[in-house]
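A.B. asks: I would like to see how this sequence folds:
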Amino acid sequence: MKTWIETLTDEYSETNRELKRYRESLDRTDEAGRDEFTVVGGMINDMDFALQWMRNGRRPGNRRGIERQSVYQRTALLDPDIFPSLDLETPEKPLDDRDKRKLVDMLWNLSARERQCYLLHMSYGMSYAEIARELALSRRTVQQYVERAKEKIKNSAA
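C.D. replies: Modelled structure (predicted):
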């Protein structure tokens, strides 16, 4: 079963192909045809940009991935329901806003797949094999993602 992003990407790709076919069929000998060619070319560029963003999970040309200041996604990471097995309100030492931000920054520095595997393993207590089945990956690949994530978190905490 396709995810919504895969479905949307397929639809954008098909529309992009249709726009390119349409642009090639335009008569550029008259002014109206040249104007239409320019407008459709702009639409194709916008579609290419959107497709690159959807396929790569980041803004095209951005080396860091999705912007660190992305409010929606950072807010979603602060949602305590994402960490069901973590008791964030422990009586010994509750996390203040600074600690929560540091935790979010640590998770934000992981790739999307590392973060996904790490959270499923550490927060939900899923085994590598369970995660592998869920994400259609090999067990060893999941293990590598989790180990890389643990190393990155260890290094960022130091």
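A.B. asks: domains for the protein, by residue range?
C.D. replies: For the chain, automatic domain parsing gives the domain ranges 4-56, 71-157.
A.B. asks: as JSON lines, these with mean neighbour count and mean pLDDT would be great.
C.D. replies: All C-beta spots, glycine's among them, are computed from the backbone N, C-alpha and C. Listed next are the domains of the chain as JSON lines, based on neighbours: other CB atoms under 10 Å; pLDDT from 0 to 100:
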{"stretch": "domain 4-56", "mean neighbour count": "13", "mean pLDDT": "88"}
{"stretch": "domain 71-157", "mean neighbour count": "14", "mean pLDDT": "78"}
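A.B. asks: who are the packing partners of the lengthiest helix in the chain?
C.D. replies: Counting by DSSP state H, the longest helix found in the chain is helix 31-56. Applying 3 or more CB pairs under 8 Å, 6 or more residues apart in numbering; DSSP states H and E, one finds that helix 31-56 contacts helix 4-25.
A.B. asks: Provide the contact partners of the helix it packs on at residue level.
C.D. replies: 2, 37, 40-41, 43-44, 47-48, 50-51, 54-55 (CB atoms under 8 Å, 6 or more residues apart in numbering).
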